[in-house]
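Q: Sequence first, then the predicted structure:
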Amino acid sequence: MKKLTALLLVVTILSGIFAGCKSDTVDEPKVPVERHTITDAHNRQVEVPMKVESIVCVGVGALRYTCYMGAQDLVVGVEDCEKEPVISRLYNYVNIEKFKNLPVIGTNGNPYPEEIIKLAPDVIVMSKSASVDADDLQSKTGTPVVVVPGSDTTLDNDCFETIRIMGQLYGKLDRANQLTGYLKGFEKELQGRIADIPEEKKPSVYVGGVSYKGHHGFEGTEAGYGPLALIGAKNLADTTGKSGPFNIDLEQVLAWDPDIILVDFNGMDFIKEDYAKNPDYYNSLTAVQEGKVYSQISFRSNASNLETALADAYYAACVIYPEYFTDIDPEAEAGEIFEMLLGVNPYEDLKEAGYAFRPVKIGE
């Protein structure tokens with residue numbers, strides 16, 4: 001018995017020794033993550049992983065353009081406004097099944113550093129519109145912060161710069177080139193159709209109900225309105241000396257008496273209410289009398305939603321210059337644009353929600 005006990009003791013000791021040797025060989029040194037440097041929109045040199053596998057987006061436009069780049073699967077947390085579907089933000093609407101289950105990492109450009117630290121993303125992608133300093137956020141979280149411009153209009157330099165930076169960051173240079181080529185081709189095709197139209201033959205246009213910092217009635221308009229700028233339209237708001245969206249004195253609209261009126265659907269309820277109080281005002285407008293009032297699908301929700309703005313431009317061109325766009329089906333064009341930028345075509349969902357390209361009867 002004593003010999004057996006001694007033998008068991010020796011076996012136990014040897015097992016412990018071998019186990020210790022085995023554990024020593026398991027802890028192999030970690031392979032360093034390959035990294036490279038990106039110059040962001042603030043001209044900051046930011047070192048990021050060569051292969052980014054997880055991100056969070058902070059501020060207006062960062063998540064939207066991430067979706068345009070087809071990189072939404074990298075997102076591991078979202079701002080609180082992305083947890084519910086919003087059909088006037090189609091990037092959100094078509095990806096809501098993913099976004100609604102993700103942790104909240106901030107609100108309206110104000111990030112929650114503690115929540116970001118918990119998620120440990122490879123990179124924080126932040127738009128210029130965010131309310132924090134990029135270096136400060138990077139210091140607090142220990143996570144690289146890459147700033148992108150975002151855009152509150154259509155095809156400006158900020159739009160293309162955002163796509164370029166994201167192409168480098170996400171390792172999606174082919175997608176960045178594809179998008180850039182498509183968008184520049186879109187702009188060239190539109191402007192080519194209207195190049196020969198003399199300015200004096202262009203009808204005057206007023207856009208009412210434009211959304212900005214909430215919904216507005218007929219007085220809500222915009223100088224430099226993106227869809228009209230793309231097609232060289234004679235936007236009466238451009239003659240005011242103002243820039244961007246603003247509320248105008250409705251007597252000025254009456255004095256202008258525009259040839260064509262476009263109405264943003266998000267302002268429709270306010271316009272109906274005002275019409276009920278003052279139908280004579282609206283009925284005295286020539287465009288209302290002649291049935292030349294047309295819809296614009298609301299594209300400004302948390303800044304400009306590019307896919308909707310481009311679709312609006314095509315429809316506006318069809319009603320402003322019909323003889324130059326006789327071969328164009330604006331619904332089909334919208335579907336193509338949505339497919340390119342979002343990967344799906346939710347136009348039928350827009351129609352079911354009451355957002356569609358069609359003539360509008362003020363007050364109905």
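A: Thanks, I have it. Numbering: from 1, shown residues only.

Q: for the stretch 101-250 of the chain, what spans make up the helices?
A: In the stretch 101-250 of the chain, the helices defined using DSSP state H, counting those that start in this stretch lie at 113-119, 134-141, 157-170, 173-194, 226-230, 250-256.

Q: Mind listing residues that contact the first one?
A: Right, the one you point to is helix 113-119. For helix 113-119, the external contacting residues (C-beta atoms under 8 Å, 6 or more residues apart in numbering) are 54, 56, 76-77, 103-106, 124, 137, 140-143. Where C-beta positions appear, they are placed from N, C-alpha and C, glycine not excepted.

Q: Now it: buried residues?
A: Buried residues in helix 113-119, counted by 16 or more other C-beta atoms under 10 Å: 113, 116, 119.

Q: ok, back up a step: so can I have TSV of the helices of the stretch 101-250 of the chain showing distance to Pro203?
A: Output for the helices of the stretch 101-250 of the chain, formatted as TSV (distance: least, C-beta to C-beta, whole Å):
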stretch	distance to Pro203
helix 113-119	51
helix 134-141	45
helix 157-170	28
helix 173-194	12
helix 226-230	11
helix 250-256	12
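
Q: of those, which approaches Cys318 most closely?
A: Counting by C-beta to C-beta, Cys318 lies closest to helix 173-194 out of the helices of the stretch 101-250 of the chain; the figure is 10.4 Å.

Q: Also compute the angle for that closest one relative to helix 157-170, please.
A: 160 degrees (axes from the mean of the first three to the mean of the last three C-alpha atoms, to 10 degrees).

Q: which secondary structure elements does helix 173-194 contact?
A: Packing contacts for helix 173-194, counted by 3 or more C-beta pairs under 8 Å, 6 or more residues apart in numbering; DSSP states H and E, involve helix 157-170, helix 226-230, helix 306-320, helix 330-342.

Q: Out of the helices of the stretch 101-250 of the chain, flag the one nearest Glu219.
A: Nearest of the helices of the stretch 101-250 of the chain (C-beta to C-beta): helix 250-256, 5.5 Å.

Q: Closest to Asn95 out of the buried residues of helix 113-119?
A: Nearest to Asn95 out of these is Leu119 (C-beta to C-beta; 17.8 Å).

Q: any idea how far the closest one is from Tyr314?
A: For Leu119, the distance to Tyr314 (C-beta to C-beta, to the nearest Å) stands at 39 Å.

Q: Then Glu222?
A: According to C-beta to C-beta, Glu222 and Tyr314 sit 18 Å apart.

Q: Lowest-scoring secondary structure element of this protein by mean pLDDT?
A: For the chain, the helix or strand with the lowest mean confidence is helix 2-26, at a mean of 43 (criterion: mean pLDDT, DSSP states H and E).

Q: Quickly run through the sheet partners of the helix or strand just after it, with directions.
A: Past helix 2-26, further along toward the C-terminus, the next helix or strand under DSSP states H and E is strand 35-39. Based on DSSP bridges, the pairing partners of strand 35-39 within the sheet are strand 45-49 (antiparallel).

Q: tell me how far whatever helix or strand comes next after the partner strand is from the chain's mean position?
A: Counting by DSSP H and E, the next helix or strand C-terminal to strand 45-49 is strand 55-58. Distance of strand 55-58 from the chain centroid (C-alpha atoms, centre = their mean, to the nearest Å) equals 14 Å.

Q: pretty sure Val360 is touching Val263, no?
A: Yes. Using C-beta atoms under 8 Å, Val360 is in contact with Val263, at 5.2 Å.

Q: so what sits against both of the two?
A: Contact criterion C-beta under 8 Å, 6+ apart; residues shared by Val360 and Val263: 293-295.

Q: Would you format those residues as JSON lines with neighbour count included?
A: Formatted as JSON lines, the shared contacts of Val360 and Val263 follow (neighbours: other C-beta atoms under 10 Å):
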{"residue": "Val293", "neighbour count": "22"}
{"residue": "Tyr294", "neighbour count": "20"}
{"residue": "Ser295", "neighbour count": "22"}
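
Q: So which of those residues is the closest to Ile165?
A: Proximity of the shared contacts of Val360 and Val263 to Ile165 (C-beta to C-beta) peaks at Ser295, which lies at 34.2 Å.

Q: And the closest one, which helix or strand is it part of?
A: strand 293-296.

Q: quick check: mean pLDDT across that strand?
A: Per-residue pLDDT over strand 293-296 has a mean of 97.

Q: Stretch 318-328 now?
A: Here the average pLDDT along stretch 318-328 is 95.

Q: Now do that stretch: distance to the chain's middle.
A: Here stretch 318-328 is found 28 Å from its chain centre; the criterion is C-alpha atoms, centre = their mean.

Q: for stretch 67-82, same thing?
A: With C-alpha atoms, centre = their mean, you get 11 Å for stretch 67-82.

Q: CA-only coordinates of that stretch in PDB, if you can.
A: Output of stretch 67-82 as PDB, limited to C-alpha atoms (Å, rounded to 0.1, in the frame of the first residue of the first chain):
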ATOM      1  CA  CYS A  67     -23.900  52.800 -45.400                       C
ATOM      2  CA  TYR A  68     -23.300  54.300 -48.900                       C
ATOM      3  CA  MET A  69     -19.900  52.600 -48.700                       C
ATOM      4  CA  GLY A  70     -21.500  49.300 -47.900                       C
ATOM      5  CA  ALA A  71     -19.700  49.200 -44.600                       C
ATOM      6  CA  GLN A  72     -22.700  49.100 -42.200                       C
ATOM      7  CA  ASP A  73     -21.700  45.600 -41.000                       C
ATOM      8  CA  LEU A  74     -18.600  47.100 -39.300                       C
ATOM      9  CA  VAL A  75     -20.900  49.200 -37.000                       C
ATOM     10  CA  VAL A  76     -21.000  48.000 -33.400                       C
ATOM     11  CA  GLY A  77     -22.900  50.900 -31.800                       C
ATOM     12  CA  VAL A  78     -25.100  53.800 -32.900                       C
ATOM     13  CA  GLU A  79     -26.400  57.100 -31.700                       C
ATOM     14  CA  ASP A  80     -29.800  57.000 -30.100                       C
ATOM     15  CA  CYS A  81     -31.600  58.600 -33.100                       C
ATOM     16  CA  GLU A  82     -30.800  55.500 -35.200                       C
END
